[in-house]
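Peer 1: Sharing a sequence plus its predicted fold:
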Amino acid sequence: MKRILFTHMLLLMLLSATMTGHAQVTIGSGEKPNKGALLDLKQTNNEISSTKGVILPRVQLTDLNNLFPMFESDDNGGYKNAVKADEDKLHTGMIVFNTASSVLLPEGVYIWDGSKWTKGAEEALAKLHLSESRFDLPSGKDARTLTAQELVINWMDGASPTYNAAAASGFTAVPFTGNPLTPATLTTSPTTISLLPDAMTDTDVTAANPWKTKETELSFLYTDTDEDGNSKEKIKTVTINQTNFALKAKDRLRNAQITYTAATSGNFNVQGNASWKAEITGMESAATFTVAAEGGKTLTDGTTNTTNVPYTTNAGNRYDYANVTFKDAETPKRFEDVTVSMVNCVTGNDPSIEEWARRAGFTDDEIAAVTNADAGSSAIKPINLIQLHRDQDDNLFLSGDFGNAGRWMLHNVRALNYSSKAPHSQGRTLTYSYATTYNVAQWGYPNASQTLFDNNPRVGLVYNWDAATGGKGGANGQATINDGENITTTPTPVQGICPDGWHLPSEYEWTQLDQEITTNTNLYSGTADIGGTITIGSNTRGTHAKGMKAPCSAPTSATVPNGYSNTISISSRPGMNLLLTGYYTNNSTYEYGSWTMFWTPNSGGDTTTSYYRQFKYTNEHVERVLYFRHLLLPLRCKKNE
């Protein structure tokens with residue numbers, strides 16, 4: 001109400017002043033205006049006449065020598081519907097606050113002098129103008145794209161400024177060895193210096209301390225004139241900061257995991273140098289996080305901020321879970337999302353395949369629309385990159401993207417028929433049997449238990465080598481084959497029991513998967529990145545098995561697998577989730593809950609053995625084993641490229 005009344009009074013006073021032609025006006029009080037003032041803004045007649053100020057019109061000036069945006073350009077050097085020379089003269093003395101900062105028109109108060117805009121206050125006297133006083137450049141190791149930024153230097157009459165670059169106190173200098181700062185000498189105003197630093201290295205940014213900061217100061221020396229007209233040397237400084245932004249939750253940069261089997265409570269730390277926001281991104285659980293919606297601080301001095309996050313769990317069902325994802329609070333994104341998962345690993349049965357699909361973000365309609373393993377597959381979900389398919393028996397299965405290693409099944413094969421497009425090469429059909437044979441395409445149940453399979457279909461079935469490869473061993477199943485990865489890394493793909501568009505991954509493709517998970521362990525599991533190179537042909541390799549094994553024991557088993565693979569959820573990339581379902585030989589089942597092995601289609605040069613990959617609950621390494629083809633083992637398939 002007061003604002004409306006004040007506006008009406010102001011309009012009335014201005015109108016009155018216009019009509020009388022010579023009236024004086026006071027705004028802000030009932031006091032008389034000073035005699036020499038047409039408009040007097042004051043609250044009192046004291047020497048300090050007000051506690052308030054004047055807010056000037058905020059405009060975006062676009063041209064030093066034109067009254068834009070007050071008038072529109074006629075595209076011929078003048079104004080639309082106005083005479084430029086007349087309007088320029090009539091508007092002399094107009095004052096505005098410019099909000100559109102540019103090299104020639106930096107933000108601030110401007111006065112129109114009849115021909116151009118002049119900067120108000122002391123800055124109008126400055127001989128040197130820098131487009132920015134600070135640059136925050138990407139590290140080349142975080143989520144930002146490393147691109148060049150521009151510093152524009154503009155100076156008025158007189159000698160050109162000079163500059164030098166030096167490390168800021170307490171920091172190492174930002175390196176520009178790949179793209180040196182040029183020109184070294186400033187000769188023409190304005191001049192642009194492109195700022196494209198070298199990317200930080202693995203030595204700068206480590207898993208233990210990923211918050212590296214480097215900083216350089218560019219000091220510009222120039223000559224200005226003081227109030228008495230004397231020349232004086234001055235310095236203006238531009239700060240160039242290069243910080244790697246990262247966030248750790250439970251000491252992990254991508255995924256962290258908390259497993260439980262009973263009601264419990266605890267806490268974990270979130271540490272980083274960037275502001276974040278927290279989102280509960282999955283919930284099939286009685287577990288809860290106590291976390292603020294936002295937290296953290298943006299720090300560019302090599303230090304970090306830490307927040308403690310409490311959690312509680314209640315006893316529930318196997319594979320109940322709760323996920324909280326910490327995301328960047330600013331744009332563009334500076335660090336990768338970090339997800340902490342709480343997973344219930346109580347002994348019991350797993351969710352159904354359809355339930356796993358729902359947890360991955362698929363609706364029942366999307367699940368029903370899947371018709372095969374190739375063109376009839378679902379769309380790929382964002383974030384987790386999971387896709388749905390059906391095999392030749394109409395069994396639903398999920399697949400995950402494993403980077404350079406391609407797309408793999410996320411649970412074990414359970415088909416009982418070959419694709420009509422790829423029948424067994426010897427005309428054999430699958431036979432339920434645990435006998436020790438080489439020329440029968442045999443299948444069986446893990447732990448010899450149909451009940452186990454019916455209640456937990458993702459454990460899949462077990463197959464001998466003849467069944468898995470569709471008869472690669474020939475009529476008697478004992479053909480001599482020598483195509484292990486130490487001989488060739490590109491053997492002919494074998495579809496075998498896999499669905500159309502998929503194949504039984506070769507030895508070398510398993511090694512590619514080993515390498516992908518070794519390099520990016522924390523992307524697919526709750527284990528920190530391991531790093532290193534897998535040696536082709538080695539029989540014991542890496543320490544990444546823990547990043548491939550499921551976090552919970554095999555269904556109904558109580559043996560802890562010592563695995564940390566990401567489970568299937570909407571908020572993170574899944575891991576391989578290998579279940580330790582044992583093996584079958586000589587009419588007996590062995591090591592259920594303790595070991596698992598997966599056939600490859602490759603052999604080592606004799607008639608009765610082939611290679612498989614082996615995982616044990618006691619081992620962090622993966623084993624490459626050459627053993628008898630009559631073993632019944634689980635399978636995973638890989639999508640054709």
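Peer 2: Thanks, I have it. Residues are numbered from 1 along each chain as shown.

Peer 1: Can I get stretch 346-358 as PDB, trimmed to CA atoms?
Peer 2: Backbone C-alpha positions of stretch 346-358 (Å, rounded to 0.1, in the frame of the first residue of the first chain) are rendered in PDB as follows:
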ATOM      1  CA  VAL A 346      20.300 -62.500   4.700                       C
ATOM      2  CA  THR A 347      20.300 -66.100   3.700                       C
ATOM      3  CA  GLY A 348      17.400 -67.100   1.500                       C
ATOM      4  CA  ASN A 349      16.000 -66.800  -2.000                       C
ATOM      5  CA  ASP A 350      16.600 -64.000  -4.600                       C
ATOM      6  CA  PRO A 351      14.100 -61.800  -6.200                       C
ATOM      7  CA  SER A 352      12.600 -63.000  -9.500                       C
ATOM      8  CA  ILE A 353      14.100 -61.900 -12.900                       C
ATOM      9  CA  GLU A 354      11.100 -59.700 -13.400                       C
ATOM     10  CA  GLU A 355      11.600 -58.000 -10.100                       C
ATOM     11  CA  TRP A 356      15.300 -57.300 -10.900                       C
ATOM     12  CA  ALA A 357      14.000 -55.700 -14.200                       C
ATOM     13  CA  ARG A 358      11.700 -53.500 -12.100                       C
END
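
Peer 1: Quick one: distance of that stretch to the chain centre.
Peer 2: Chain-centre distance of stretch 346-358: 28 Å, with Cα atoms, centre = their mean, to the nearest Å.

Peer 1: again, but for stretch 464-482
Peer 2: Using Cα atoms, centre = their mean, the distance from the centre of stretch 464-482 to the centre of the chain it belongs to is 44 Å.

Peer 1: Could I get the average pLDDT for it?
Peer 2: Stretch 464-482 shows a mean pLDDT of 97.

Peer 1: which regions of this structure sit below the pLDDT cut-off?
Peer 2: 1-23, 35-38, 47, 101-104, 120-126, 227, 285-286 (pLDDT under 70).

Peer 1: Specify the residue ranges that define each domain of it.
Peer 2: What the record gives for the chain is the domain set 1-54, 128-243, 247-344, 413-639, from automatic domain parsing.

Peer 1: Assign a three-state SS to residue 522, would you?
Peer 2: Per DSSP: H, G, I helix; E, B strand; the rest coil, the secondary structure class of residue 522 is helix.

Peer 1: Please tell me how far the nearest residue to residue 252 once chain neighbours are set aside sits from residue 331.
Peer 2: For residue 252, ignoring the flanking residues on the chain, the nearest one in space by Cβ to Cβ, 6 or more residues apart in numbering is residue 522 at 5.8 Å. C-beta: built from backbone N, CA, C; applies to glycine. According to Cβ to Cβ, to the nearest Å, residue 522 and residue 331 sit 24 Å apart.

Peer 1: When the two are compared, which one has more neighbours?
Peer 2: Per other Cβ atoms under 10 Å, whichever of residue 522 and residue 331 has more neighbours is residue 522, with 22 against 6.

Peer 1: which residues of the stretch 501-641 of the chain fall in strands?
Peer 2: With DSSP state E, counting those that start in this stretch, the ranges of strands along the stretch 501-641 of the chain come out as 502-503, 540-541, 583-585, 588-590, 595-599, 609-616, 622-628, 638-639.

Peer 1: ok now the longest one, how far from the chain's centre?
Peer 2: For strand 609-616, the gap between its own C-alpha mean and the chain's C-alpha mean amounts to 35 Å (Cα atoms, centre = their mean).

Peer 1: same thing with stretch 90-107?
Peer 2: In terms of Cα atoms, centre = their mean, the centre of stretch 90-107 is set 41 Å apart from its chain centre.

Peer 1: Do me a favour and get the end-to-end distance for it?
Peer 2: With Cα to Cα, to the nearest Å as the measure, stretch 90-107 spans 24 Å from end to end.

Peer 1: Flag every buried residue along it.
Peer 2: 96, 98, 102, 105, 106 (16 or more other Cβ atoms under 10 Å).

Peer 1: Residues in contact with it: which ones?
Peer 2: Among residues not part of stretch 90-107, those counted as contacts by Cβ atoms under 8 Å, 6 or more residues apart in numbering are 56-62, 64, 67, 70, 108-114, 117, 119-120, 123, 129, 131, 152, 154, 190.

Peer 1: Excluding residues flanking it in the chain, which one is nearest residue 621?
Peer 2: residue 540 (5.3 Å).

Peer 1: so residue 411 touches residue 400, yeah?
Peer 2: No. Taking Cβ atoms under 8 Å as the definition, residue 411 is not a contact partner of residue 400, at 10.2 Å.

Peer 1: which residue ranges form the helices in the stretch 351-500 of the chain?
Peer 2: Counting by DSSP state H, counting those that start in this stretch, one finds helices in the stretch 351-500 of the chain at the ranges 353-359, 364-368, 450-455, 465-469.

Peer 1: Quickly note the distance from the nearest residue to residue 418 once chain neighbours are set aside to residue 500.
Peer 2: Take residue 418 and drop its neighbours on the chain: the residue closest to it by Cβ to Cβ, 6+ apart is residue 424, 5.6 Å away. The span separating residue 424 from residue 500 equals 15 Å under the rule Cβ to Cβ.

Peer 1: next one: residue 165
Peer 2: Taken as Cβ to Cβ, the spacing of residue 165 relative to residue 500 amounts to 61 Å.

Peer 1: Now the nearest residue to residue 267 once chain neighbours are set aside: phi and psi?
Peer 2: Spatial nearest neighbour of residue 267, chain neighbours left out: residue 310 (4.5 Å); criterion: Cβ to Cβ, 6+ apart. Per-residue torsions, residue 310: phi -80, psi 160 (degrees, to the nearest 10).

Peer 1: so residue 310 makes contact with residue 290?
Peer 2: Yes. Proximity of residue 310 to residue 290 meets the contact threshold set by Cβ under 8 Å, at 4.6 Å.

Peer 1: thinking again about what came up before, among the helices of the stretch 351-500 of the chain, which is the most enclosed?
Peer 2: Ranked by mean neighbour count under mean count of other Cβ atoms under 10 Å, the helices of the stretch 351-500 of the chain are led by helix 465-469, which reaches a mean of 29.

Peer 1: Name the residues that touch that helix?
Peer 2: Residues from elsewhere that reach helix 465-469 (Cβ under 8 Å, 6+ apart): 428, 430, 438-443, 472-473, 477, 494, 496-497, 504, 599, 601, 610, 629-631, 633, 635.

Peer 1: and if we set it to 6 Å?
Peer 2: 430, 441-443, 473, 477, 494, 496-497, 599, 601, 610, 629, 635 (Cβ atoms under 6 Å, 6 or more residues apart in numbering).

Peer 1: before we move on, what about stretch 77-86?
Peer 2: Contacts for stretch 77-86 (Cβ under 6 Å, 6+ apart): 71, 72, 74.

Peer 1: Endpoint to endpoint, that stretch covers what distance?
Peer 2: Where stretch 77-86 begins and where it ends lie 14 Å apart, using Cα to Cα.

Peer 1: Same question for stretch 308-318.
Peer 2: Stretch 308-318 has an end-to-end distance of 27 Å (Cα to Cα).

Peer 1: Okay, buried residues for it please.
Peer 2: Of the residues in stretch 308-318, those scored as buried under the neighbour-count criterion (16+ other Cβ under 10 Å) are 309, 311, 313, 316, 318.

Peer 1: In strands, which of those fall?
Peer 2: If you go by DSSP state E, the buried residues of stretch 308-318 have 309, 311, 313 in strands.

Peer 1: Would you mind checking which of these is nearest to residue 263?
Peer 2: If you rank those by distance to residue 263 using Cβ to Cβ, residue 313 comes first, at 6.0 Å.

Peer 1: my read: that closest one touches residue 264, true?
Peer 2: Yes. With contact defined as Cβ atoms under 6 Å, residue 313 reaches residue 264; the gap is 5.2 Å.

Peer 1: With that, I have no additional questions.
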